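Participant: here is a sequence together with a model predicted from it:
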Amino acid sequence: MEELKKAVEVEQQDFKRKQRSKRIKQVLTISSPVFMLLIWEILSQTAIIDPRFFPPPTTIIETLISMSASGELFEHVKVSLTRILFGFLMGVIPAITLGLIMGMYSSIRHFFSPLIMALMPIPTLAMLPIILIIFGIGEFSKMVTIAASVFFPVVINTVAGVMNIDKVYSDVAKNYGANPKDFFMKIALPGAMPVMMEGIQMGQAIALLTIVAAEMIGANSGIGYVIWMNYKAFLISEMFVGLILISFFGYLFSLLLRGLQSKLIPWK
Amino acid sequence: MTLQYEKKIQVDHLTKVFLKNRERVMALEDINFSIRDGEFVCILGPSGCGKTTLLRILAGLEKPSSGDYNIEVNGSERPLQSMVFQEQGVIPWMTVEENVALGLRMRHAPKKLIKERTNLYLEKVGLTKYKNLFPKELSGGMKQRVSIARAFANDPEILLMDEPFAALDEQNKFILQEELLSIWEETKKTVIFITHSIDEAILLSDRIFLMTSQPGTIKEEVKIDLPRPRQMTQVRSDPNTADVFLKIWNHLQDEVQESRNQS
């Protein structure tokens, strides 16, 4: 009896210790950005770093609020998000389709592989002039730019995802009489999903990168435009607002995708 | 005593040659046998003797280099054969229920029939409670139960089993062997079962084909006359079993010795 009591006590203390170390880790995770902002604020307020180039975070937040109040900022965000959303879908959907087909049929894979390998290293922004020539300077050309940059990581990961499916599953499907359509929908697509989703995560990050750069070069609206124009006008707080928005949306998107991932891959 | 109409599987002069780096490997050489309807046959042999290749040919996953095989068809709706794979044959992105329903769904059987048969076999292997789980949450024994239920639910002409219990621990293996026997007694399917365990072969089979390697051939056939329904404990305590075990053991020993002397 005495022994048991002692054993339980030991375990309880061990449990408490683990809880405490977990809490400490959580605090550490939150504290680093807070700490950095705090230092920034102090250094900027005391003019140790030049507040013209690095306005204190409080000023940036004030600017954010006043820019939001005018409604203009909202327009730019809406424009950028629309471009990202449609461009993303325009890239991801054909990439998944082609990737699955390439993964399933080696002849198609061998046909398309060199094209993809040749086009992939070209930064999409380097193709922007051509895209502008073909699709004009409207919204569509921005979406095409995003689509092109998202396409490659997704198609490559989808092919890898299909090829990584254990051979025994395709044997099972074959033995149980799967036709090509069922094989596509019930084996190739779900089996490739985990690796494919990694490609989509990567594509998401690239999409954000591309849209900001594209908006800096050839646009008169959007978050990238906000950054570039305010820099040119030397409105540095306003420029920082643009940067904060990108950081925020990047984080939001990856959270959304992670949520989607656990919905789509409940079996992992 | 084998009458023509009850013959289920006929294999004639089946040969399979693999080419590896221009070298020929005789995986199977001149395999001949016939199996009656409702018979339980084990193919017993050491690893690498070509027994899995033989099964994969019958499963339609590989083509023979020469020779022929025939599986008699009784019901036009039925698939020819269903296979229980070694391990990991359970598809991880399908739930237990979806896995068991796989064959029926793939041939687009009526919804009501799928539901009925799936539930029946989930019940038989005791997995009804777990039907909505994914395989990652199952133990090895439960996964093989899913595999077995999937094969029986598909209601094929014949069942092919490729060492389904090889990866299980001893206790689980005994339990699953008896469960398999009891489902088989009810359905009276023709089964070809591959194993390298002599005990397993004696417990399950009506006949055992002893295979030898390189080239893979069937050297001998052993009839097991133990009464059915069988139970592991009965089979173990039957004095004849020991004789049969020794006979098979000696035969396989000779083979192993012989191939050692050759190399």
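Facilitator: In hand now; what should we look at?
Participant: isn't B:Arg105 right up against B:Ile114?
Facilitator: Yes. Using CB atoms under 8 Å, B:Arg105 and B:Ile114 qualify as a contacting pair, with a distance of 6.3 Å. In this view, the C-beta of every residue, glycine as well, is placed from N, C-alpha and C.
Participant: check for me that B:Ile218 belongs to a strand.
Facilitator: Yes. Assigned with DSSP: H, G, I helix; E, B strand; the rest coil, B:Ile218 falls within a strand.
Participant: next SSE downstream of the helix or strand encompassing A:Ser149?
Facilitator: Per DSSP states H and E, A:Ser149 falls inside helix A:139-163. Moving toward the C-terminus from helix A:139-163, the next helix or strand (DSSP H and E) is helix A:167-175.
Participant: and that following helix, average pLDDT?
Facilitator: Averaging pLDDT along helix A:167-175 yields 94.
Participant: distance from that helix to the middle of the chain?
Facilitator: 34 Å (CA atoms, centre = their mean, to the nearest Å).
Participant: show me what counts as buried in that helix.
Facilitator: A:Tyr169, A:Ser170, A:Asp171, A:Val172, A:Ala173, A:Lys174, A:Asn175 (16 or more other CB atoms under 10 Å in any protein chain shown).
Participant: do stretch A:157-166 as well
Facilitator: For stretch A:157-166, by 16+ other CB under 10 Å, it's A:Asn157, A:Thr158, A:Val159, A:Ala160, A:Gly161, A:Val162, A:Ile165.
Participant: kindly report the same for stretch B:85-93.
Facilitator: In stretch B:85-93, counting by 16+ other CB under 10 Å, buried: B:Phe85, B:Gln86, B:Glu87, B:Gln88, B:Gly89, B:Val90, B:Ile91, B:Pro92, B:Trp93.
Participant: pretty sure the last one sits in a strand.
Facilitator: No. Assessed with three-state DSSP, B:Trp93 is coil; it does not lie in a strand.
Participant: please name the nearest non-neighbouring residue to it.
Facilitator: Leaving aside its chain neighbours, B:Trp93 sits nearest to A:Pro190 (4.1 Å; criterion: CB to CB, 6 or more residues apart in numbering or on different chains).
Participant: how about the fourth one?
Facilitator: Of all residues not flanking B:Gln88 in the chain, A:Val168 sits nearest, at 5.8 Å (CB to CB, 6+ apart).
Participant: what number of residues lie near B:Pro239?
Facilitator: 6 (other CB atoms under 10 Å in any protein chain shown).
Participant: hmm, who's touching stretch A:210-224?
Facilitator: Stretch A:210-224 is contacted by residues A:75-77, A:79-80, A:83-84, A:87, A:124-125, A:128, A:132, A:137, A:142, A:145-146, A:149, A:225, A:227-228, A:242, A:245-246, A:249 when judged by CB atoms under 8 Å, 6 or more residues apart in numbering or on different chains.
Participant: now the buried members of these.
Facilitator: Buried among the contacts of stretch A:210-224 (16+ other CB under 10 Å): A:76-77, A:79-80, A:83-84, A:87, A:124-125, A:128, A:132, A:142, A:145-146, A:149, A:225, A:227-228, A:242, A:245-246, A:249.
Participant: mind checking which of those land in strands?
Facilitator: Using DSSP state E, no member of the buried ones among the contacts of stretch A:210-224 falls within strands.
Participant: what about chain B: which of those residues touch it?
Facilitator: When the buried ones among the contacts of stretch A:210-224 are checked against chain B using CB under 8 Å from any CB of the partner chain, none falls in range.
Participant: C-terminal to the longest helix along chain A, what's the next element?
Facilitator: The longest helix of chain A (DSSP state H) is helix A:2-45. Using DSSP H and E, the helix or strand that follows helix A:2-45 in sequence is helix A:57-70.
Participant: and that following helix, average pLDDT?
Facilitator: On average, helix A:57-70 scores 93.
Participant: coming back round to it: isn't the residue nearest to B:Gln88 right up against B:Val90?
Facilitator: No. Counting by CB under 8 Å, A:Val168 sits too far from B:Val90 to count as a contact (9.6 Å).
Participant: so which bits of the stretch 51-200 of chain A are right by chain B?
Facilitator: A:166, A:168-169, A:171-179, A:182, A:186-187, A:190-191, A:193.
Participant: what's the closest non-adjacent residue to A:Met143?
Facilitator: A:Gly87 (3.9 Å).
Participant: list the contacts of that neighbour.
Facilitator: A:Lys142, A:Met143, A:Val144, A:Thr145, A:Ile146, A:Ala147, A:Val150, A:Ala207, A:Ile211.
Participant: what of A:Ile227?
Facilitator: A:Val212, A:Met216, A:Met239, A:Gly242, A:Leu243 are the contacts of A:Ile227 under CB under 8 Å, 6+ apart.
Participant: what's the distance between the third one and A:Phe74?
Facilitator: Looking back up the chat, that one is A:Met239. Per CB to CB, to the nearest Å, A:Met239 is found 18 Å from A:Phe74.
Participant: between these two, who's got more neighbours?
Facilitator: Set side by side, A:Met239 and A:Phe74 show more neighbours around A:Met239, with 21 against 12, by other CB under 10 Å.
Participant: which residues touch the more buried one?
Facilitator: A:Val226, A:Ile227, A:Asn230, A:Tyr231.
Participant: 7 Å instead?
Facilitator: A:Ile227, A:Asn230, A:Tyr231 (CB atoms under 7 Å, 6 or more residues apart in numbering or on different chains).
Participant: and the pLDDT at the closest residue to it other than its chain neighbours?
Facilitator: The shortest distance from A:Met239 to any non-neighbouring residue, by CB to CB, 6+ apart, is to A:Asn230 (4.2 Å). We have a pLDDT of 94 for A:Asn230.
Participant: what about A:Asn230, distance to chain B?
Facilitator: The spacing between A:Asn230 and chain B, counted by CB to the nearest CB, to the nearest Å, is 48 Å.
Participant: chain center to the host helix or strand of that residue: distance?
Facilitator: Element membership for A:Asn230, per DSSP H and E: helix A:223-232. Put simply, helix A:223-232 sits 22 Å off its chain's centre (CA atoms, centre = their mean).
Participant: now that helix: buried residues?
Facilitator: A:Ile223, A:Gly224, A:Tyr225, A:Val226, A:Ile227, A:Trp228, A:Met229, A:Asn230.
Participant: about what we covered before: now the buried residues of helix A:167-175 as JSON lines including distance to B:Arg150?
Facilitator: Formatted as JSON lines, the buried residues of helix A:167-175 follow (distance: CB to CB, whole Å):
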{"residue": "A:Tyr169", "distance to B:Arg150": "13"}
{"residue": "A:Ser170", "distance to B:Arg150": "16"}
{"residue": "A:Asp171", "distance to B:Arg150": "13"}
{"residue": "A:Val172", "distance to B:Arg150": "9"}
{"residue": "A:Ala173", "distance to B:Arg150": "12"}
{"residue": "A:Lys174", "distance to B:Arg150": "14"}
{"residue": "A:Asn175", "distance to B:Arg150": "10"}
